[in-house]
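Asker: Provided below are the primary sequence and the corresponding predicted coordinates.
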Amino acid sequence: MSSSKILEKLSLPLRSELLYELFHGNLVVCPFFKEMQERSRAFGRKICEVALTEFALSEFDVLFNAGTTAAAMYVLTRGEMLYTRSGSHIVQPWLSGSYCSEPALWTRWIHLGSMKAFADSEGVHVRTEDFRSVVLAFPAIHDFARRYADSLVSGLNVQCSVGVLDGTDVTDMSEPCGLDSSF
């Protein structure tokens with residue numbers, strides 16, 4: 001019996017808790033999910049149940065291409081991938097334990113480069129539309145999420161206006177945007 005069929009046989013609360021235990025630890029590399037782990041376990045369980053999906057790529061498989069609309073934030077849990085910014089020959093490694101494309105959760109984000117597996121790789125992605133529906137279903141989280149999104153998007157806009165946005169999907173957005181616990 002496949003693992004997905006076994007999961008379907010579990011009660012919804014048990015399945016939700018199991019998915020949370022399996023995957024939420026991968027998400028806390030992102031400042032928003034780290035804060036949410038401390039604020040609301042119920043929110044984390046719902047994200048893992050509704051908005052999170054695993055992915056597996058073989059060497060040279062493409063995760064996303066430059067110019068496409070981002071539909072998810074990605075977390076690499078195993079392997080190594082290579083990111084190439086559109087119009088550049090510079091290749092940036094994306095290593096296990098890091099995330100990319102977080103702005104897609106908060107605003108329309110067009111991938112600025114392409115991501116390709118350098119070795120067999122695995123990870124999880126948080127689908128943007130499902131993420132937003134979960135945020136809206138948790139009124140206590142909604143205000144914090146709005147402030148976080150405002151801070152992140154404002155930081156991106158400032159970077160663009162002064163010409164310092166490095167134009168990559170893989171930058172850790174918490175530092176350049178000045179995000180801190182006051183959001």
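Answerer: Alright, I've got the coordinates.

Asker: So which residue is dead centre in the chain?
Answerer: For the chain, the residue sitting closest to the mean C-alpha position, by CA atoms, centre = their mean, is Met73 at 2.7 Å.

Asker: That residue looks like it's in a strand, true?
Answerer: Yes - assigned with DSSP: H, G, I helix; E, B strand; the rest coil, Met73 falls within a strand.

Asker: give the contact list for it.
Answerer: By CB atoms under 8 Å, 6 or more residues apart in numbering, the contact set of Met73 is 30, 99-102, 104-105, 125-126, 128, 131. In this view, the C-beta of every residue, glycine as well, is placed from N, C-alpha and C.

Asker: Could you look up the SS state of Tyr89?
Answerer: Just to correct that, residue 89 is His rather than Tyr. coil.

Asker: residue ranges with poor pLDDT in this protein?
Answerer: The chain contains residues with pLDDT under 70 at 1-4, 7, 161-167, 171-183.

Asker: Report all helices and strands that the biggest helix by length in it contacts.
Answerer: When the chain is parsed with DSSP state H, its longest helix is helix 139-162. If contacts are counted by 3 or more CB pairs under 8 Å, 6 or more residues apart in numbering; DSSP states H and E, helix 139-162 sits against helix 31-39, helix 128-136.

Asker: Now the phi/psi pair for the closest residue to Thr68 other than its chain neighbours, please.
Answerer: In space, and not counting its chain neighbours, Thr68 is closest to His111: 5.2 Å by CB to CB, 6 or more residues apart in numbering. Dihedral pair for His111: phi -60, psi 130, per degrees, to the nearest 10.
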